[in-house]
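Colleague: Sharing a model that was predicted from the sequence below.
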Amino acid sequence: MRNDAGINGDAQRIEQIAWMLFLKVYDAKEQDWEFGDDDYTSIIPDKCRWSAWAHDDKSGNAMTGDTLLDFVNNTLFPTLKNLSVSTETPIKKAIVKTTFEDANQYMKDGVLLRQVINVIDELDLGDYDEVHAFGEIYESILRELQSAGSSGEFYTPRAVTDFMAQMIQPQIGEEMADFACGTGGFLTSWLTELEKRIKSTEDQEKYDNSIYGIEKKQFPYMLCITNMLLHGIDVPKIYHDNSLTKKVLDYGEDDKFDVILMNPPYGGNEKADIKSNFPSDLASSETADLFMSVIMYRLKKNGRAAVILPDGFLFGTDNAKVSIKKKLLSEFNLHTVIRMPHSVFAPYTSITTNILFFENTGATTETWFYRLDMPDGYKNFSKTKPMKVEHFKPAIEWWNDRKEISEDGFDKAKKYTTQELGDRNYNIDLCGYPHEEEEILPPKELIQQYQEKRASLNADIDRVLAEITNILGIDVEE
């Protein structure tokens, strides 16, 4: 692929591999479906099915060169992009059109294209061990997205998603959602954890229907669908949509979930028409804040959630952030906040993040904060030294036997009452990193962090001025 003039950079190479992998995996699934259902008909016309045009039976008749290029560009892509799909079309068929809506074919050399197709076609996706092994390889492809430009936003380190799924303790019969699911990292970790609890065919059926995802961007959506098919989910309830475009007050019981696991996009600014979908006091311009509101409105009674949020959410005291945190603490039980070390998301972002664990079981009375320090021997995480599941071991040990911990006069783990958090005007930046060396952030992130701190400071000044004028009995509007 590096020798093909049409492809520029890793992101395009991975996107090129992605649609071919999808068709190969989907073809293997269709063979299973045809075996189990004599009346099964594919949504893909026969000539466009992988086995018809991509498989090389070594007879010398396989398309290659300009013939192959012409077929892919002028027959395959137009056909799949324009498949007839309605509300009646089963999800497992409709995903083909959704997957190809914005897919791209970059290669310009038909001989090189044939060579790539042959490598992918050699995968034996009918063999359980090979599918499992390839699932691991696919994970590594998704990890590569971290270094492929802006595509890094699609990948949350597997160590983090596994830790969160483990702590949330999935149960058979529960349905879990991720409203910005990217390539499906949280869905995969949930399925891996839930699989351990399957005891019967009835359990298996509930497991198969236990996930729900929404992804706004086309490319990670395609990767996620392929990921779910590889994990044996025949009907992936993954939708190509934007979770912020529906009015949150319109959500009913059928729109709610037992568990929500998420790493909402942050740093984005939403337009006025998106903010109008939220009550005025919760209408932040920060994407992560809006997702927090969506999560609160879509978590079932007694449901559980684990959500990754940047430091700005904890220390922010602008009106919208305070309102969101008030709602969180007064209507939900925010029982634990895990402060993660910096560079967990390197090289994509240096912003420090936190995991908030909460339940829809009534108001918070107390919240535990725990700081997870850098493991010994690490100054930073990086692509070559990523965070691993074992790095969460101290947090898991503490989780199961909670104690307040102080190190060198600084709090590492401490419990706060809701009253104490309210008295701080909901600046809940607690048990942070006292010895952290000041890190030089990239300009965009630095500006974003300054803007968040300025908004927080302005809100504090406004609040204090209001209290002073109130005490003095001054009407500022006079």
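Modeller: Alright, I've got the coordinates.

Colleague: Please parse the chain into its domains.
Modeller: Domain assignment for the chain by automatic domain parsing gives 10-126, 150-463.

Colleague: Tabulate the ones you listed (CSV), appending distance to residue 137 and mean pLDDT.
Modeller: All C-beta spots, glycine's among them, are computed from the backbone N, C-alpha and C. Listed next are those as CSV, based on distance: least, C-beta to C-beta, whole Å; pLDDT from 0 to 100:
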stretch, distance to residue 137, mean pLDDT
domain 10-126, 9, 92
domain 150-463, 10, 89
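
Colleague: Would you mind finding the most buried of these?
Modeller: For the domains of the chain, the largest average neighbour count (mean count of other C-beta atoms under 10 Å) is found in domain 150-463, namely a mean of 18.

Colleague: Check which helices and strands the helix or strand hosting residue 119 sits against.
Modeller: Assigned by DSSP states H and E, residue 119 belongs to helix 110-121. Secondary-structure packing of helix 110-121 (3 or more C-beta pairs under 8 Å, 6 or more residues apart in numbering; DSSP states H and E): helix 10-36, helix 65-71.

Colleague: What is the next helix-or-strand element following the longest one packed up against?
Modeller: The one in question is helix 10-36. Next in sequence after helix 10-36, counting helices and strands by DSSP H and E, comes helix 50-53. Helices and strands touching helix 50-53, by 3+ C-beta pairs under 8 Å, 6+ apart, are helix 10-36.

Colleague: quick check, distance from the helix it packs on to the centre of its chain.
Modeller: Distance of helix 10-36 from the chain centroid (C-alpha atoms, centre = their mean, to the nearest Å) equals 21 Å.

Colleague: before we move on, what about stretch 243-251?
Modeller: So, by C-alpha atoms, centre = their mean, the centroid of stretch 243-251 is 19 Å from its chain's centroid.

Colleague: With stretch 419-427 instead?
Modeller: Stretch 419-427 sits 30 Å away from the centroid of its parent chain (C-alpha atoms, centre = their mean).

Colleague: How about stretch 95-107?
Modeller: Worked out by C-alpha atoms, centre = their mean, stretch 95-107 lies 21 Å from the chain centre.

Colleague: Could you tell me the end-to-end distance of it?
Modeller: Stretch 95-107 has an end-to-end distance of 24 Å (C-alpha to C-alpha, to the nearest Å).

Colleague: what's that stretch in contact with?
Modeller: The list of residues contacting stretch 95-107 from outside it, by C-beta atoms under 8 Å, 6 or more residues apart in numbering, reads 1, 4, 6-8, 12, 15-16, 18-19, 22, 26, 43-44, 69, 72-73, 77, 80-83, 85, 113, 116, 218-219, 221-222, 225, 236, 238, 240.

Colleague: ok, now with 7 Å
Modeller: Stretch 95-107 has contacts (C-beta atoms under 7 Å, 6 or more residues apart in numbering) with 4, 6-7, 12, 15-16, 19, 22, 26, 43-44, 72-73, 77, 80-81, 83, 85, 113, 218, 222, 225, 236, 240.

Colleague: same check, this time on stretch 132-141
Modeller: The contact list for stretch 132-141 (C-beta under 7 Å, 6+ apart) reads 14, 123, 158, 227, 230-231.

Colleague: Pull the most distant pair out of those residues.
Modeller: By the measure C-beta to C-beta, 123 and 158 form the most distant pair in the contacts of stretch 132-141, at 21.6 Å.

Colleague: all strands for the stretch 251-400 of the chain, in order.
Modeller: All strands of the stretch 251-400 of the chain, identified by DSSP state E, counting those that start in this stretch, fall at 257-262, 299-310, 333-339, 353-359, 366-371.

Colleague: Take these and write them to TSV, including distance to residue 102.
Modeller: Output for these, formatted as TSV (distance: least, C-beta to C-beta, whole Å):
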stretch	distance to residue 102
strand 257-262	23
strand 299-310	27
strand 333-339	36
strand 353-359	29
strand 366-371	41
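
Colleague: And the residue nearest the centre of the chain, how far from residue 160?
Modeller: Note on the chain: the residue nearest the mean C-alpha position is residue 181, at 3.6 Å, using C-alpha atoms, centre = their mean. Note on residue 181: its distance to residue 160, by C-beta to C-beta, to the nearest Å, is 15 Å.

Colleague: and residue 320, how far is that from residue 264?
Modeller: Residue 320 is 15 Å from residue 264, where distance means C-beta to C-beta.

Colleague: Spatially, what comes nearest to residue 336 if we skip its sequence neighbours?
Modeller: Once flanking residues are discounted, residue 336 sits nearest to residue 357: 4.2 Å by C-beta to C-beta, 6 or more residues apart in numbering.

Colleague: Endpoint to endpoint, stretch 138-157 covers what distance?
Modeller: Start-to-end span of stretch 138-157 (C-alpha to C-alpha) is 14 Å.

Colleague: Would you pull up how far the helix of greatest length in the chain lies from the middle of the chain?
Modeller: If you go by DSSP state H, the chain has its longest helix at helix 443-472. Relative to its chain's centre, helix 443-472 lies at 31 Å (C-alpha atoms, centre = their mean).

Colleague: Does anything pack onto that helix? Which helices or strands?
Modeller: Where contact means 3 or more C-beta pairs under 7 Å, 6 or more residues apart in numbering; DSSP states H and E, helix 443-472 is not packed against any helix or strand.

Colleague: between it and strand 299-310, what angle do the directions make?
Modeller: Angle of helix 443-472 versus strand 299-310, following axes from the mean of the first three to the mean of the last three C-alpha atoms, to 10 degrees, is 110 degrees.

Colleague: one step back: check contacts around the residue nearest to the centre of the chain.
Modeller: Contacts of residue 181 (C-beta under 7 Å, 6+ apart): 187, 213-215, 224, 238.

Colleague: Quick check: of the residues you listed, which lies closest to residue 284?
Modeller: residue 214 (19.5 Å).

Colleague: Assign that closest one to helix, strand or coil.
Modeller: The three-state label given to residue 214 by DSSP: H, G, I helix; E, B strand; the rest coil is strand.

Colleague: if I pick it, what's in contact with it?
Modeller: Residue 214 touches 179-181, 239, 241, 243, counting by C-beta under 7 Å, 6+ apart.

Colleague: Sort out which of the residues you listed are in strands and list them.
Modeller: Of the contacts of residue 214, the ones assigned to strands by DSSP state E are residue 239.

Colleague: In CSV: the contacts of residue 214, plus distance to residue 341.
Modeller: Converted to CSV, these look like this (distance: C-beta to C-beta, whole Å):
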residue, distance to residue 341
179, 26
180, 23
181, 25
239, 34
241, 33
243, 29
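
Colleague: which one among the contacts of residue 214 gets closest to residue 193?
Modeller: For those, the minimum distance to residue 193 (C-beta to C-beta) is 16.2 Å, reached by residue 181.

Colleague: So what does that closest one look like in phi/psi?
Modeller: Main-chain dihedrals, residue 181, degrees, to the nearest 10: phi -80, psi -10.

Colleague: Need the nearest residue in space to it, chain neighbours excluded.
Modeller: Distances taken as C-beta to C-beta, 6+ apart place residue 213 nearest to residue 181, at 3.4 Å, with adjacent residues excluded.

Colleague: Quick check: that neighbour vs residue 317, distance?
Modeller: Residue 213 is 33 Å from residue 317, by C-beta to C-beta.
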